[in-house]
Each structure stands twice: as structure tokens, then as C-alpha cells.
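Enquirer: this one's structure only:
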């Protein structure tokens, strides 16, 4: 489902249940936590995605959600934004202790070597829009 549909469904409460089927339908792809934790973690992902206003991102991109575990044992969230066709792929990392800010955004066009760090979801969404328009 595209981002616009995801946001609409989230706001209707379609992903509040913590069961496996509901959370996979929401877009969870891989996780290293209990299934019961996914609905709460999805709220953190929603916080940044709801700030996206760019129509192309909303209608042409889908999101896949990941709960990543690093060697220290801590977890962070990762959102992969991609199109079905040709287009740049973006990642948003949330709460990774190895980064200087709460959100880190990177893009595939430069092999994910360029990143933007911020502590606000609005800034993260704005960077995605700027990068998308550069393409």
C-alpha cells in the first residue's frame, strides 16, 4: 500500500491490534522483538511519516518497517521507502544510538553514503521531499 493509504488506515485504527497478521499488513517486514511490541513501535514510524506532504512520496512510495538489533543489544527502527518503478530508495532510522540525532535519513542514489541527521520528524520529512525533487 502506498504511504497515503497507510496513513489513512493508521489514522482509522486499522493497525492498533498487536497480532502478527495485522502488523504484517501494516508493513512490518523484519523484527527482533515480540510481536506484541510492533503496534507501539509503529507509532514511532507514523510520527515521521505523517509529516510527509509531498504528493509523489505519498502516492508512489511504500514503506517497509524493520526493528533492528545491533551488537550492543539495543534496538532501533528503520523505515524503507521505495517505489514499484524506478525511483530513489530512502531509509529513515529512528533511535539508533550510533547516530548523533534521533532520526537519520539516507538515500540509495549515493549508495546510502549521504545522510541527514535531525531530532524532528518535520525536518526528516522535508529532507525527503527536497531529495525527491532533486531527482
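Expert: On my side now, so go ahead. No experiment lies behind these values; they were computed from the predicted model shown. Numbers count the residues shown, from 1 in each chain.
Enquirer: quick one, helices of this structure?
Expert: Secondary structure of the chain (DSSP state H): helices located at 3-12, 20-26, 38-49, 55-60, 121-134.
Enquirer: Dump those into a markdown table; add mean neighbour count as well.
Expert: C-betas here are computed from N, CA, C, even on glycine. As requested, these are exported to a markdown table (neighbours: other CB atoms under 10 Å):
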| stretch | mean neighbour count |
| --- | --- |
| helix 3-12 | 16 |
| helix 20-26 | 15 |
| helix 38-49 | 19 |
| helix 55-60 | 15 |
| helix 121-134 | 18 |
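Enquirer: which residues touch stretch 68-80?
Expert: 29, 32-33, 41, 44-45, 48-49, 63-67, 89-98 (CB atoms under 8 Å, 6 or more residues apart in numbering).
Enquirer: closest to residue 113 out of the helices of the chain?
Expert: Residue 113 sits nearest to helix 121-134 of all those, at 13.2 Å, using CB to CB.
Enquirer: Identify whichever of the helices of the chain lies nearest to residue 104.
Expert: helix 121-134 (8.6 Å).
Enquirer: ok and that closest one relative to helix 38-49, angle-wise?
Expert: For helix 121-134 against helix 38-49, the angle by axes from the mean of the first three to the mean of the last three CA atoms, to 10 degrees is 60 degrees.
Enquirer: So what's the model's average confidence on helix 121-134?
Expert: Throughout helix 121-134, pLDDT has a mean value of 93.
Enquirer: Dig out what residue 77 forms beta bridges with.
Expert: Listed by DSSP bridges, the beta-bridge partners for residue 77 are residue 67, residue 94.
Enquirer: any idea how far it lies from residue 87?
Expert: Remark: distance between residue 77 and residue 87 (CB to CB, to the nearest Å) = 22 Å.
Enquirer: If you count surrounding residues, which of the two has more?
Expert: With neighbours defined as other CB atoms under 10 Å, residue 77 and residue 87 compare such that residue 77 has more, 20 against 17.
Enquirer: got the contact list for residue 93?
Expert: By CB under 8 Å, 6+ apart, the residues touching residue 93 are 76, 77, 78, 99, 103, 104, 105, 106.
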